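1. sequence plus predicted model, see below.
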Amino acid sequence: MRVNVEVNGEQRTEDNVWEGESLLSLLRDRLGLPGAKNACEQGECGSCTVYLDGVPVCACLVAAGQAEGRSVRTVEGLADGDALHPVQQAFVEAGAVQCGFCTPGLLVATHDLLSRVSHPSDGEIREALAGNLCRCTGYEHILDAVRLAATRGGGRRDQEWRSPDRAGRPGAGAPRDTGDPECER
Amino acid sequence: MTTGLTRPDGPAKLTGTAHYAADADTSDALAAALVTTTVPNGRLTALHTADAEAAPGVVRVLTRADLPPLGELSTPPLGFPVPPLLEDTVHHEGEPIAVVLAETWEQARHAATLVRAEYADVTPAVPFGQAEDVVPHGGLVFGETDESKGDVTAGLAAADVSVTATYTTADRHHSPIEPHATLARWDGDQLVLHSSVQSVLFAQAALAALFGVPPENVRVFCPFVGGGFGCKGFVWPHIPLAAAAARVTGRPVKLVLTRAQMFTLAGHQPATRQTVSLGATSDGRLTALRHTSSNASAQLGDYCENTPHGSTWMYASPAIETSTRIQRLHRPGPTPMRSPHEGPGMFALESAMDELAHELGMDPVELRLRNEPEVDPLTGEPFSSRKLVECLREGARRFGWSERNPEIGSMRDGHELIGWGMAAATMDSPRSPSSARLRIDHTGHVVVETGMQEIGTGLPAMVQAVAAETLGCPPEDVAVRHGDSDFPPHTGTFGSMSTMGLGSAVRAAAESALEKLGAEPGDPLAGALAEAGLTELESEGRWSPEGGGMTRGRTGGYSIHTYGSIFVEVRVDPDLGLLRMSRAVGVYAGGRILNPLAARSQMIGGITWGYGQAVLEQSVFEPNLGRFLSKNLAGYIVPVNADIGEIDVSFVDDDDRVASAIGAKGIGELGAVGVSAAIANAVFHATGRRVRDLPIRIHHLLP
Amino acid sequence: MIPFDYQRAEDTRSAVATVTARPGAAFLGAGTNLVDHLKLGVAAPDLLVDVSHLPFDMIEPLAGGGVRIGATVRNSDLAVDPVIRQRYPMVSAALLSGASGQLRNVATTAGNLMQRTRCPYFQDVTTPCNKRRPGSGCSALEGYHRDHAILGASRHCVAVHPSDLAVALTALGAVVQVEGVKGARSIPIIDLYRLPDDAPQHDTVLEHGELITAVDLPALPMATRSTYRKVRDRASYAFALVSVAAAVDVERGTVRDVRVALGGVAHKPWRARRAEEALRGAPATDDAFRAAAEAELAGARPLRDNAFKVPMARNTIVATLRELTRREEP
């Protein structure tokens, strides 16, 4: 099948895509964007997190055909040329980058969190990033990085980029899912 | 926030441009998928591949008959001693029996499900604990299986107080986020390999030996590893299989293990069963220490988890006795996993020390202080440096240990029970050779090249720092190139050895450069080159421990180890049995700390890793099927961000010039040691329940 | 992944007709469970009809005071909807306790209800499993079953239903709206799910080709005082060992009405009717909560290695009701 998809602002068309391929394979093996990683294959680790129509998803669980006509933004599309995005800058400064394999997914998830909640609480950060496993287990420095990015307005710069109104709802400014840090109480 | 060196590999990793093995350009490569056994033993009697061969996109299905002859090789560098696909005998579930090659990965994986295998003589798998304990042999036995001094039986008989208890640890899988991946490409008899490995040197040597070509014909690239924790240390079957498939088909082949295959084809930390006996006088001085252990191992290729090893140097005792055995079972081959040996071993020793302190009515920190040895208690040799006492005292201070009410269940926060527990930590300090090449150009720019892989620990920043420190130039003037077997060899990024070996080698290379230039540290390098009439200068540095090869911690008349203390606060919901670690303080002595930011990251990661060992991680071995059951990251749960409370990490001053030329020791695995014991001890303090089996799960703590 | 055709549904009628006519066809929502099953070989449809774009993405008031949740409303959007948060907080809490942000962002209401068990044998096609391959046997019965059912299981299947949302909806008494080739029908959610009996391959009573279009929540004023509590090994992002959805109406220390449903204990979300019965008119005390929980769990038949779930369920019911009744009046 043919898949048309906008990736990092560029319209791409790929032919002869097998229906059984995932969006992740499409990005990595066909479109030359290996930033999103193949890791757990079933949405457990978040290493393949990309924006799909403005919301972070696990690309490994999206069938390629489901991406038809939609827009995707990957870690490769976060920086502005050579200038790192404030979220990226905060990650390296805070020592939140270790082996780097979970990093692309974490950056997209953090980028999204800060675009919704400019100053998340620690509980919100931990819960919002629960879907991103880091096996170097540097969660404390990841937390530092998100806090640092927040103080620098890491989320503001990109708000206009997000699709403000997905399928008619919820509208811009509506409350967003940041997980439930209190769910265990 | 800590300040420290930021890593030179950061920007590439942050922008998705750091290329891992599976990211190598594969536009002309075939995708490979392995077909594996579904039974734990017996014989493979037939393989039916026609359906797979007819599936969309499939180019070929390789079975044993299709493989080129492969040479013989030992473990290590092999992870498991059975040549891939080459025997009828089934050694474990999940063992490769065929390779499907297709145009895309999904097509290869789909076709792999269509290969049908027939087996005979399959019998129920014997679980760990029900086979005979035997003395292990071979390359994966890291040290003595039996060590002793003095008369432990007499020491126990003479003790005022003694404790004996049995502790178990679970089968655990490394589960790096990056699965194993290999891209192999032959050009005549030259092999190029992009592979996620913790040692390009091992991979190069192994592939050369297996394919009967000289090592220089094999070039291995691995600049970045997406986490290894030991499972990429040795050469596992998929690597030669990818190379063999590329050789047979004449096309590059990319083989990425599935997450499930990561549970059977890349090692694991085997379950252990340990018994510790401690005897002490009423004032808390040890009279005897016995630590025995057995671990689950594979049918072929013994792997010994030497859990009692740390017990031989930890505490002053006139009598010490350790032994370690294995059970040969039909299960995948184990391999070292962060932190091998002392990781599971110190859970037992440090739990037993807590039990002894409780029996004595003594503060557990005080008990450890009273048994601090002046020299290695087993050998009588001096310690290269040992700052355990400083770690214990500083840890207690930072944690606020003096506020602890020792009475069980005495500390509460509303409904929750609070427990404070502690443990000491130690790791052996194995060391191995390393080398680096350093080049300075006419602008004063420095390039260091080494075969090392960046695996997350921040080695490029370390190389940059050591080169800059030695040359007296700004770190940003130093570029680091790594992960290519054409660069000067580095043994491997495992065993917490890299900083010592590579740091010392880089220092030697930089000193050699200064010497060639007749320059002093801090002299402008461009000027020094101009003065010497050079446009470029190259120097090499090598370092190896005494004897020239890989050594363990007891070498050259010294006892070389790292130390630490870990204090934790746990909270237990007494109705629901929920256990969470709200606070941890770790204080470590690991030689000179070259990069505080990276070192802190390592230790924080280690404590979190230890939390996983303590509370979450367990690969269930399904006895009826004879296999690990939940081979995915939903069934094998590792810590998530939300699990982790406040972690305070610090280092005491330490500088060990015996261990390395730069005063550093390896700390990569130290942080994960002792955490599980500290948590179990804290759980006892909170609830009065002594949990001796890891992981401590909710059902242990329900009322 | 087996080869299959992919179609994006044009409208409900044609989607239902297409899937009904083709035995190997399946509806595709967000795919967070189905795409995983395609990879694992657990599901092998020859046609996927993508219904995630059908116009069921609204949350609307119903005439009788209830609320209709469209089938394709994303879990994230549902969880933060102001009406849901205010009137049915247990729904919000249940959703947010499940999966991760990335999955909730795409997962649909109907897809959440239709997700399948996480029993490790069900997910591993090389093992016997009656739910996946009827008649092959239940590996969990004598194997690993710590996470499995204590209520309503059969010797054919001891799996549990994984959805958190479904537990909350069961407590509320929600009604599922379904479209089929024979027309529309309404199914109370309590009747949507089946116990395994001798046909564990059927999770629900839906027929092949029937499509969930909406879930109706009743006007239930007491649900403003409701919550969802999930007990799991990991602090986040793990399936429930036991979960409790509860709503309670207390007047002067006496329980006037109560709703309790349990997750993680049975093949279906378990409405705790015996506990509810025992509680109506009882004092809002720990003793009464405990007695009610024990009444419900008297029928528990734990397996060799999951007996801990009985006290865990009991204590979670007590803790949840205690928390709800000690809150100030809404």
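-> That came in fine, so what should we check first? Numbers count the residues shown, from 1 in each chain, chains lettered A, B, ... in the order given.
2. could you list the contact residues of the stretch 201-330 of chain C toward chain A?
-> Counting by Cβ under 8 Å from any Cβ of the partner chain, the stretch 201-330 of chain C comes close to chain A at C:228-230, C:235-237, C:323. Bear in mind the C-beta positions are built from the backbone N, C-alpha and C, glycine included.
3. next, format those as a markdown table and append distance to residue B:148.
-> Shown next, in a markdown table, are these (distance: Cβ to Cβ, whole Å):
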| residue | distance to residue B:148 |
| --- | --- |
| C:228 | 57 |
| C:229 | 53 |
| C:230 | 51 |
| C:235 | 44 |
| C:236 | 47 |
| C:237 | 47 |
| C:323 | 56 |
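4. can I get those residues in TSV including pLDDT?
-> Shown next, in TSV, are those (pLDDT from 0 to 100):
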residue	pLDDT
C:228	97
C:229	96
C:230	96
C:235	85
C:236	85
C:237	83
C:323	94
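5. out of these, grab the one that's most surrounded.
-> residue C:228 (29 neighbours; other Cβ atoms under 10 Å in any protein chain shown).
6. which strand or helix spans residue B:276?
-> Element membership for residue B:276 (DSSP states H and E) is strand B:272-280.
7. strands paired with that strand, and their directions?
-> Strand B:272-280 pairs in its sheet with strand B:161-169 (antiparallel), strand B:286-298 (antiparallel), by DSSP bridges.
8. just the CA atoms of the longest one, as CSV, please.
-> Once non-C-alpha atoms are left out, strand B:286-298 reads as follows in CSV (Å, rounded to 0.1, in the frame of the first residue of the first chain):
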residue,chain,number,x,y,z
LEU,B,286,32.7,-11.8,64.6
THR,B,287,34.1,-15.2,65.6
ALA,B,288,33.1,-17.0,62.4
LEU,B,289,31.6,-16.3,58.9
ARG,B,290,30.4,-19.0,56.6
HIS,B,291,28.8,-18.2,53.3
THR,B,292,27.8,-21.0,50.9
SER,B,293,25.9,-20.6,47.6
SER,B,294,24.4,-22.5,44.7
ASN,B,295,23.1,-21.0,41.5
ALA,B,296,21.1,-22.2,38.5
SER,B,297,23.4,-22.8,35.5
ALA,B,298,23.0,-24.3,32.0
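9. average pLDDT across that strand?
-> Mean per-residue pLDDT for strand B:286-298: 98.
10. and the shortest one, by the same measure?
-> Mean per-residue pLDDT for strand B:161-169: 98.
11. after that strand comes which helix or strand?
-> Remark: after strand B:161-169, the chain's next helix or strand is strand B:181-187, criterion DSSP H and E.
12. what angle do the helix or strand just after that next one and strand B:181-187 make?
-> Counting by DSSP H and E, the next helix or strand C-terminal to strand B:181-187 is strand B:190-195. Taking axes from the mean of the first three to the mean of the last three Cα atoms, to 10 degrees, one finds strand B:190-195 and strand B:181-187 inclined to each other by 170 degrees.
13. shouldn't residue C:169 be within a strand?
-> No. Residue C:169 is assigned helix when assessed by DSSP: H, G, I helix; E, B strand; the rest coil, not a strand.
14. that one: what's it in contact with?
-> C:91, C:113, C:189, C:215, C:217, C:269 (Cβ atoms under 8 Å, 6 or more residues apart in numbering or on different chains).
15. could you redo the last one with a cut-off of 6 Å?
-> residue C:189 (Cβ atoms under 6 Å, 6 or more residues apart in numbering or on different chains).
16. how much space separates it from chain A?
-> Per Cβ to the nearest Cβ, to the nearest Å, residue C:169 is found 17 Å from chain A.
17. what's the spacing between that residue and residue B:358?
-> Distance, residue C:169 to residue B:358, by Cβ to Cβ, to the nearest Å: 49 Å.
18. now the residues of the stretch 201-330 of chain C next to chain A as a markdown table including secondary structure?
-> Below are those laid out as a markdown table (three-state DSSP):
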| residue | secondary structure |
| --- | --- |
| C:228 | strand |
| C:229 | strand |
| C:230 | strand |
| C:235 | coil |
| C:236 | coil |
| C:237 | coil |
| C:323 | helix |
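19. for those, work out which two are farthest apart.
-> C:237 and C:323 (22.5 Å; Cβ to Cβ).
20. tell me the contacts of whichever residue of the stretch 201-330 of chain C sits closest to chain A?
-> Here the residue of the stretch 201-330 of chain C nearest chain A is residue C:236; by Cβ to the nearest Cβ that distance is 3.8 Å. Applying Cβ under 6 Å, 6+ apart to residue C:236 gives the contacts A:127, A:130, B:640, B:642.
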